[in-house]
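**Student:** Show me the folded form of this:
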Amino acid sequence: MSWGEVPAKLQQYALEQYAPTGADTTLLNEYGVQNVADVPEDRRADFEADLDYRLGACVNLKNSTAKRWTL
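**Tutor:** Reported below is the predicted structural model:
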């Protein structure tokens, strides 16, 4: 993912059904920033990796829950 895609992914994470309430804000707070533009360049790769991991976990949970209902 390019850094330009991060704001959209962060918004998607915030709207995910299985994401915790305030998930986007929590992630930003863990990096000591209030918005994506404030993430220091030397921490952007870590931020992207954390975001991908968390978003992926939500999607996997959603998919596994959906499969349970269709079996």
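
**Student:** what's the pLDDT at Asn63?
**Tutor:** At Asn63, the pLDDT value in this model is 87.

**Student:** How about Arg68?
**Tutor:** Predicted confidence (pLDDT) for Arg68: 62.

**Student:** how close does the residue nearest the centre of the chain sit to Val33?
**Tutor:** Taking Cα atoms, centre = their mean, the centroid of the chain lies closest to Leu51, which sits 3.7 Å from it. With distances taken as Cβ to Cβ, to the nearest Å, Leu51 is found 13 Å from Val33. All C-beta spots, glycine's among them, are computed from the backbone N, C-alpha and C.

**Student:** what's the answer for Ala8, then?
**Tutor:** Remark: distance between Ala8 and Val33 (Cβ to Cβ) = 17 Å.

**Student:** Which one's more surrounded, these two?
**Tutor:** Between Ala8 and Val33, counting by other Cβ atoms under 10 Å, Val33 is the more crowded of the two (15 against 11).

**Student:** May I ask which helix or strand encompasses that one?
**Tutor:** Assigned by DSSP states H and E, Val33 belongs to no helix or strand.

**Student:** Identify the residues contacting it.
**Tutor:** Shown in contact with Val33 (Cβ atoms under 8 Å, 6 or more residues apart in numbering): Val39.

**Student:** Got the phi and psi for it?
**Tutor:** For Val33, the backbone dihedrals (degrees, to the nearest 10) come out as phi -130, psi 170.
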